[in-house]
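[1] Quick one: sequence plus predicted model below, questions after.
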Amino acid sequence: MQAVVSKDAIRNKDSRRSDRVALELRSYLHSNSLNGLKLKEQKGMVLPFQPLSMCFKNINYYVDVPEELKKQGIAEDRLQLLVDVTGAFRPGVLTALVGVSGAGKTTLMDVLAGRKTGGLIEGSISISGYPKNQETFTRISGYCEQNDVHSPCLTVIESLLYSACLRLPSHVNDDTQRAFVEEVMELVELNPLSGALVGLPGVNGLSTEQRKRLTIAVELVANPSIVFMDEPTSGLDARSAAIVMRTVRNIVNTGRTIVCTIHQPSIDIFESFDELLFMKRGGQLIYAGPLGSKSRNLVEFLQAVPGVPKIRDGYNPAAWMLDVTSTQMEQILGVDFAEYYRQSKLFLQTKEIVEALSKPNSEVKELTFSTKYAQPFCAQFIACLWKQNLSYWRNPQYTAVRFFYTVIISLMFGTICWKFGSRRETQHDIFNAMGAMYAAVLFIGITNATSVQPVISIERFVSYRERAAGMYSALPFAFSLLLWSSLTFLCSHLFTVQFSIAWVRLSGQQ
């Protein structure tokens, strides 16, 4: 006997489920996760930092047009991805960079963070009124990439200690580093997972949401003043996204400057931001300013455009603004939203803010560092060597495969070379021995290279992220990898020599 369920009942059930998820999302997003810590107490962390603002004026970014596009009829030599972008990011303010795919939001963030090494950048960028210096900026900023790339064989606290060891100034002692790491873990709610292995995404270890929070924490232990986050809620469900955004809000409450690119956020997540930079396709700004309560400022600005339909009650402002500013709506309304913004009072207010922040404040001194990296060469080398050791020897596939390969190859070639010491009368015997030794060396080299390749491929992408963050230079990383490999080869060489000598002596006695 089958039960018959009406469509209305299913719709009511889905509606109740959606309401429950929304309430849970709002509860997670606005709950106090710091167990009653006040804002003043949050700012009084073990390591102080200097709140800094960032303002940028008339940013243009060009890239060379590939030959493939030129063959398709594009005559220009350069393609402009950003067009006269002007704005500011301030301490204690959570700013969202929003736009459709191809609008240039990630490109803008990469240009401001100094992650774009190619192309032509025009315009001015200043930090608290002083011209931006990239080497200095790397020391006082953090960048959370969209892909959470971490060493899978390290625990959460080891990953944070490793980052803190390489990115905090050399005068900070070990006890202070550990205390600061524990504070950061409490801030991003990773204390229960301190001893958990990071693992591989989608295979084992931390969940996607936990890896997002670890990515944020790895940058936060560097004690940055400005943090960029590339789509921190991408690929997360509503509850996980709320947990991540609550973590981001906790960081903002410490007085840091936080900038996030975000794609189609929910209502609660969108309204958790303080200010918005909204971009249209082609790298032009449509809106730059405060959102207001329930996105009131944004809605009033766009609804003032003649012909723009009003937002429905309960509708997501983020989805609404993307709909009413689409290319099709611009053609229907005959309006260029970027030009409308440039002619508005809001644009004049933004220019006034940028002009004010572009002038150095007497209370804020220009940050300068005597060295490019926070730690000297020896400290970088020791930290990289420590991590290499854990990354390799905690990998069961790597260690087990090498162990069994060694045993099997030893038995196989030991059997093949049995009594070679007593069979050396003819030229044929010598050729057999030489061929066996050549095959042994070739076979062992190939198997060792095959076993180490998966580990190297993972750690290579991790090293790209760490070097971009200014954790170490290429030389100490290469030396640590070389020394670790040399120790392994030395042990293998000693074992091979001793084993061969013993085997030859044994075979010669029989």
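    Thanks, I have it.
[2] Distance of Leu285 relative to Val188?
    Applying C-beta to C-beta, to the nearest Å, the value for Leu285 to Val188 is 31 Å. (Each C-beta comes from the backbone N, C-alpha and C, glycine too.)
[3] try Arg460
    Counting by C-beta to C-beta, the gap from Arg460 to Val188 is 27 Å.
[4] Val441 too?
    50 Å.
[5] With Lys359 instead?
    Using C-beta to C-beta, one gets 35 Å for the distance from Lys359 to Val188.
[6] In terms of neighbours, single out the busier of the two.
    Val188 (26 against 11; other C-beta atoms under 10 Å).
[7] In contact with the more buried one, which residues?
    Listed by C-beta atoms under 8 Å, 6 or more residues apart in numbering, the contact partners of Val188 are Arg213, Leu214, Ile216, Ala217, Leu220, Thr247, Asn250, Ile251.
[8] Please identify which two of those residues are farthest apart in space.
    Largest separation among the contacts of Val188 by C-beta to C-beta: Leu214 and Asn250, giving 14.9 Å.
[9] Please identify which of these two sits among more neighbours.
    Applying other C-beta under 10 Å to Leu214 and Asn250 shows that Leu214 carries more neighbours, namely 23 against 19.
[10] What pLDDT does the model give the more buried one?
    The per-residue pLDDT reported for Leu214 equals 93.
[11] For the stretch 401-510 of the chain, which residues score under the pLDDT cut-off?
    417, 419-425, 485-510 (pLDDT under 70).
[12] follow-up on the earlier one: among the contacts of Val188, name the ones in helices.
    Among the contacts of Val188, the residues falling in helices (DSSP state H) are Arg213, Leu214, Ile216, Ala217, Leu220, Thr247, Asn250, Ile251.
[13] Of those residues, which is the nearest to Asp429?
    Nearest to Asp429, judged by C-beta to C-beta, of the ones in helices among the contacts of Val188 is Leu214 at 60.3 Å.
[14] Next up, the contacts around the closest one.
    Counting by C-beta under 8 Å, 6+ apart, Leu214 touches Asp148, His150, Val156, Ser159, Val188, Leu190, Val198, Leu206.
[15] Can you tell me how far the fifth one is from Ser480?
    Meaning Val188. For Val188, the distance to Ser480 equals 28 Å [C-beta to C-beta].
[16] Check Ile157 too.
    Distance of Ile157 to Ser480, given as C-beta to C-beta: 21 Å.
[17] could the contacts of Leu214 go into JSON lines alongside distance to Phe137?
    What follows is the contacts of Leu214, written out as JSON lines (distance: C-beta to C-beta, whole Å):
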{"residue": "Asp148", "distance to Phe137": "23"}
{"residue": "His150", "distance to Phe137": "24"}
{"residue": "Val156", "distance to Phe137": "27"}
{"residue": "Ser159", "distance to Phe137": "24"}
{"residue": "Val188", "distance to Phe137": "23"}
{"residue": "Leu190", "distance to Phe137": "27"}
{"residue": "Val198", "distance to Phe137": "28"}
{"residue": "Leu206", "distance to Phe137": "30"}
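[18] So which of the residues you listed sit within helices?
    Using DSSP H, Val156, Ser159 are the members of the contacts of Leu214 that sit in helices.
[19] could I get the contacts of Leu214 as TSV with distance to Leu385 and pLDDT?
    Converted to TSV, these look like this (distance: C-beta to C-beta, whole Å; pLDDT from 0 to 100):
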residue	distance to Leu385	pLDDT
Asp148	24	88
His150	18	91
Val156	21	93
Ser159	16	94
Val188	28	89
Leu190	26	90
Val198	19	91
Leu206	25	89
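[20] from memory Thr107 sits against Ala113, does it?
    No: contact between Thr107 and Ala113 fails when scored by C-beta atoms under 8 Å: they sit 10.8 Å apart.
[21] and stretch 468-480, C-alpha only, in PDB?
    What follows is stretch 468-480, C-alpha atoms only, in PDB (Å, rounded to 0.1, in the frame of the first residue of the first chain):
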ATOM      1  CA  ALA A 468      53.600  33.900  -3.100                       C
ATOM      2  CA  ALA A 469      52.800  34.700   0.600                       C
ATOM      3  CA  GLY A 470      56.500  35.700   1.200                       C
ATOM      4  CA  MET A 471      57.200  32.800   3.600                       C
ATOM      5  CA  TYR A 472      60.600  31.900   2.200                       C
ATOM      6  CA  SER A 473      62.700  32.200  -0.900                       C
ATOM      7  CA  ALA A 474      63.400  29.400  -3.400                       C
ATOM      8  CA  LEU A 475      67.000  28.700  -2.100                       C
ATOM      9  CA  PRO A 476      66.200  27.400   1.500                       C
ATOM     10  CA  PHE A 477      63.300  25.400   0.200                       C
ATOM     11  CA  ALA A 478      65.400  23.800  -2.500                       C
ATOM     12  CA  PHE A 479      68.300  23.100   0.000                       C
ATOM     13  CA  SER A 480      65.900  21.500   2.500                       C
END
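[22] contact partners of that stretch?
    With contacts defined as C-beta under 8 Å, 6+ apart, stretch 468-480 is touched by 115, 138-139, 142-143, 163, 166-167, 219, 222, 372-375, 377, 380-381, 383-385, 387-388, 463, 466-467.
[23] all helices for the stretch 51-200 of the chain, in order.
    Taking DSSP state H, counting those that start in this stretch as the criterion, the stretch 51-200 of the chain carries its helices at 67-71, 105-113, 134-139, 156-167, 174-187.
[24] Let me have those helices in TSV, adding distance to Lys57 as columns.
    Formatted as TSV, those follow (distance: least, C-beta to C-beta, whole Å):
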stretch	distance to Lys57
helix 67-71	30
helix 105-113	12
helix 134-139	17
helix 156-167	29
helix 174-187	33
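[25] Next up, the contacts around Val252.
    Per C-beta under 8 Å, 6+ apart, neighbours of Val252: Gly92, Val93, Leu94, Ile258, Asp274.
[26] For the second one, give its distance to Val184.
    Same thing as Val93. In terms of C-beta to C-beta, Val93 sits 21 Å off from Val184.
[27] quick one: which of these two has more around it?
    More crowded of Val93 and Val184, by other C-beta under 10 Å: Val184, with 25 against 18.
[28] confidence score at that one?
    We have a pLDDT of 92 for Val184.
[29] Could you do the one 10 residues further on as well?
    If you check Ser194, the pLDDT there is 89.
[30] Is it in contact with Ser159, as I believe?
    No: Ser194 lies out of contact with Ser159 (C-beta under 8 Å); the separation is 10.2 Å.
[31] More neighbours: which of the two?
    The residue with more neighbours, out of Ser194 and Ser159, is Ser159; 23 against 14, by other C-beta under 10 Å.
[32] which residues touch the closest residue to Phe137 other than its chain neighbours?
    Nearest non-adjacent residue to Phe137, counting by C-beta to C-beta, 6 or more residues apart in numbering: Gly114, 6.0 Å away. Shown in contact with Gly114 (C-beta under 8 Å, 6+ apart): Lys132, Gln134, Phe137, Thr138.
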